[in-house]
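Engineer: sharing a model prediction with you, sequence too.
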Amino acid sequence: MTYHTINWNIIEDEFDEYVWDKATAQFWLDTRVPVSHDLGDWRQLSEKEKAVINKVVGGLALLDTLQSEEGVNVMRVDARTRKEIGVINDFLMMESIHAKSYGTILISLNDQQTIDDTYQWMNNDPRMQYKVKRINEIYQNGNNLQKKVASVFLEGILYYSNFFTPLWYRGQNQLANLSEIIKLVIRDESVHGTYLGYKFQKAFQELPSAQQQTFRKWMDNLLADLLDNEFKFTDQVYAPLGETFVADVKQFVKYNANKAMNNMGFDAIFDHAAIEDINPIVMNGISTETANHDFFSQVGAGYLMGEAETMTDQDYNF
Ligand SMILES: [Fe+2]
Ligand SMILES: [Fe+2]
């Protein structure tokens, strides 16, 4: 059997190359973001706030560990084009960087005992573990469409209960570097979700309509189950920050659930969960620019990539 060389001059699907260019151009490393510069802000926070933020960051570490070890690799066998494998390889590397970055945050801000307690928490918290096990079960045993839905739900919906808090602090000019890492992750996940959603739609359209309906039922059940767990998780983790905060996190999750459904070609599922319904402090956190634009000098407080690399609303809504 002849093993065929990938030929980038052949266009099977233009979107592959578009996403490759976008994803590779936004490469970043945690070591370029000086999280320890946030220690001044960090010391001003109450113990309650620090504990919530550590859980937020630790929770993401667990979920991105799953993505870096299973979530991206399982997509390989379903690739529709040769270049899709290249894109998957980029995504996979970024997931490892994400998983490492959360550790960088925890180490930069906490003492060893707190770090150990945080790892202990995410490795044992029933609601955190429920998310990972439920999603991974689909990664291991699901079909092409099911795996893509599981990944889009995880990265496009469940992550956002965690993303909310750093963005909220950033929107009030606190924890700029920690939030910069989160925003770099969001920018990546936005590309991942759009690409997977696109590939999902291609495969979904090939199904006969009866099978589409059966699939939609499966998908709606999965979402209801994940959201039930997610909202209970939100009640539990964010309660120390007050009822309004909890309600705002849930609203943000619903907004992102609508976006995730749109990514896969479906209508929004929640009413009153549009962009104007999101806490404006969080939207401010998303659009705040960094102070630094120089990839090579490592000077300043922000992330150090080329000038065009600052997070914008467009990155978030890729
Ligand atoms: Fe990730
Ligand atoms: Fe991802």
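Structural biologist: Sure, I can see it. Ligands and ions are numbered 1, 2, ... in the order given.

Engineer: check which helices and strands the helix or strand where Gln146 lies sits against.
Structural biologist: Element membership for Gln146 (DSSP states H and E) is helix 144-153. Counting contacts by 3 or more C-beta pairs under 8 Å, 6 or more residues apart in numbering; DSSP states H and E, helix 144-153 is packed against helix 126-141, helix 176-204, helix 209-238, helix 243-263. C-beta: built from backbone N, CA, C; applies to glycine.

Engineer: what's the angle between that helix and helix 209-238?
Structural biologist: 30 degrees (axes from the mean of the first three to the mean of the last three C-alpha atoms, to 10 degrees).

Engineer: Ser108 is in contact with Ile115, correct?
Structural biologist: No - between Ile115 and Ser108 there is no contact, the gap being 10.2 Å when judged by C-beta atoms under 8 Å.

Engineer: neighbour count for these two, which is higher?
Structural biologist: The neighbour comparison of Ile115 against Ser108 (other C-beta atoms under 10 Å) goes to Ser108, with 19 against 16.

Engineer: list the contacts for the more buried one?
Structural biologist: Counting by C-beta atoms under 8 Å, 6 or more residues apart in numbering, Ser108 makes contact with Val35, Ser36, Asp38, Leu39.

Engineer: burial count for the last one?
Structural biologist: Residues near Leu39, counting by other C-beta under 10 Å, number 12.

Engineer: quick one: it from Gly103, how far?
Structural biologist: Leu39 is 17 Å from Gly103, where distance means C-beta to C-beta, to the nearest Å.

Engineer: likewise for the second one?
Structural biologist: As for Ser36, its distance to Gly103 is 14 Å (criterion: C-beta to C-beta).

Engineer: those two - which one has more neighbours?
Structural biologist: Neighbours were counted for Ser36 and for Gly103 using other C-beta under 10 Å; Gly103 has more, 17 against 14.

Engineer: the more buried one contacts Leu62, doesn't it?
Structural biologist: No - if you go by C-beta under 8 Å, Gly103 and Leu62 don't touch, sitting 11.1 Å apart.

Engineer: from the stretch 51-200 of the chain, which residue is nearest to ligand 1?
Structural biologist: Distance from ligand 1 to each residue of the stretch 51-200 of the chain (C-beta to the ion) is smallest for His98, at 3.7 Å.

Engineer: in which helix or strand would I find that residue?
Structural biologist: Per DSSP H and E, His98 falls inside helix 82-109.

Engineer: so does that helix get close to ligand 2?
Structural biologist: No - shown here: helix 82-109 not in contact with ligand 2 (C-beta under 5 Å from the ion), separated by at least 5.5 Å.

Engineer: cheers, nothing more for now.
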